[in-house]
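Enquirer: only geometry, no sequence info:
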């Protein structure tokens, strides 16, 4: 019998029996961001058949979780790509997220998540390996952040971009308008956007977005609301311009049963602005289980091999 469409718009049940226990995945490690704050991430070292001291260090993949979530649910994908694709994989708990954030659902300023990611990459090069090739990837809103990061100050330093069912913009043709997952407070968002155009930012700490996560799937590490500055940081400012600024190879993966996005709209939406982008549509896969789907992971591994990553 087919599953009924949940009121949240997303099928959280697909992850329940798949995700490993906390004790079975790499523990959280910490690094210091430029503001002095301590942030967490998980490290999945590349598995190699043999150790060759003369070999180049593995490519680094930084894989970003989606809105409300933490790094935990990315464990199956990260483990596969470390084992089968030879990536060193980092999955950060983005600022404001995870078990013990400094301020849940908030940042200090718009763009701070990008600064945190740049600091994490530098930390990894000193702490884990002198990575010469860095790939940024993300799922859902994490895909939007990956796109924003890849088009910004780091544009010339990245070897590739992986977007898993990425959130591009609320008005993008890819978005199902009534998915039910995110509840924006437009009475706050619209005036705050106007104030920010006038460079008035003193109210950016106001909460403006909440997430409809069912009680049955809450663990205590989820983030159920965002401030305006977190919402604006966690995604693209202009996805068309961001795509046009990226020269690195781009891989876009989406399930043909995605409840949040129209899978067939991704290629006509993205390709005109990023002709180097490649697309794969995963049969029978929804928005959340794309990150635990073996076919999706295999497609990333093949793409990486094709591009020498």
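Expert: Nice, thanks for sending it over. On a predicted model such as this, the values are computed, not experimentally measured, just so you know.

Enquirer: next, the contact list for the spatially closest residue to residue 261 that is not a sequence neighbour, please.
Expert: Sequence neighbours aside, residue 174 is the residue nearest to residue 261 in space, at 4.7 Å (criterion: CB to CB, 6 or more residues apart in numbering). The C-beta positions use only the backbone N, C-alpha and C, and glycine is treated the same way. Residues counted as contacts of residue 174 (CB atoms under 8 Å, 6 or more residues apart in numbering) are 168, 261-262, 265-266, 269.

Enquirer: the chain: helices as residue ranges?
Expert: 13-16, 75-84, 112-127, 141-151, 186-197, 228-233, 239-245, 266-270, 294-306 (DSSP state H).

Enquirer: just put the contacts of residue 174 in TSV and tack on distance to residue 279 and pLDDT.
Expert: Output for those, formatted as TSV (distance: CB to CB, whole Å; pLDDT from 0 to 100):
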residue	distance to residue 279	pLDDT
168	14	94
261	13	93
262	13	93
265	11	95
266	6	96
269	11	97
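
Enquirer: greatest separation within those: which pair is it?
Expert: By the measure CB to CB, 168 and 262 form the most distant pair in the contacts of residue 174, at 11.3 Å.

Enquirer: find residues that contact each of the two.
Expert: Counting by CB under 8 Å, 6+ apart, the residues touching both residue 168 and residue 262 are 174-175.

Enquirer: excluding chain neighbours, what is closest to residue 213?
Expert: Nearest to residue 213 is residue 222, by CB to CB, 6+ apart, at 5.7 Å.

Enquirer: typo on my end, residue 152
Expert: The nearest residue in space to residue 152 (CB to CB, 6+ apart) is residue 114, at 5.8 Å.

Enquirer: do I have it right that the one you found meets residue 150?
Expert: No: Residue 114 is beyond contact range of residue 150, at 10.0 Å (criterion: CB atoms under 8 Å).

Enquirer: looking at the two, which is more packed in?
Expert: Using other CB atoms under 10 Å, the more surrounded residue of residue 114 and residue 150 is residue 150, with 26 against 18.

Enquirer: how much space between the more buried one and residue 245?
Expert: Note on residue 150: its distance to residue 245, by CB to CB, to the nearest Å, is 8 Å.

Enquirer: what of residue 123?
Expert: Relative to residue 245, and taking CB to CB, residue 123 is found at 25 Å.

Enquirer: out of the two, which sits in the busier spot?
Expert: residue 123 (18 against 15).

Enquirer: one step back: and the helices of the chain as CSV, adding distance to residue 284?
Expert: Below are the helices of the chain laid out as CSV (distance: least, CB to CB, whole Å):
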stretch, distance to residue 284
helix 13-16, 11
helix 75-84, 17
helix 112-127, 32
helix 141-151, 20
helix 186-197, 35
helix 228-233, 32
helix 239-245, 27
helix 266-270, 17
helix 294-306, 9
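
Enquirer: for the chain, what spans make up the strands?
Expert: 29-32, 38-44, 60-64, 88-93, 134-139, 160-164, 182-184, 207-211, 225-227, 250-255, 277-282 (DSSP state E).

Enquirer: any weak-confidence spans in the stretch 51-200 of the chain?
Expert: Residue ranges of the stretch 51-200 of the chain with pLDDT under 70: 51-55, 178-179.

Enquirer: let's see that with 50 instead.
Expert: 51 (pLDDT under 50).

Enquirer: on that earlier part again, right, so the helices of the chain: which one is the most enclosed?
Expert: Greatest average neighbour count among the helices of the chain goes to helix 141-151 (a mean of 26), per mean count of other CB atoms under 10 Å.
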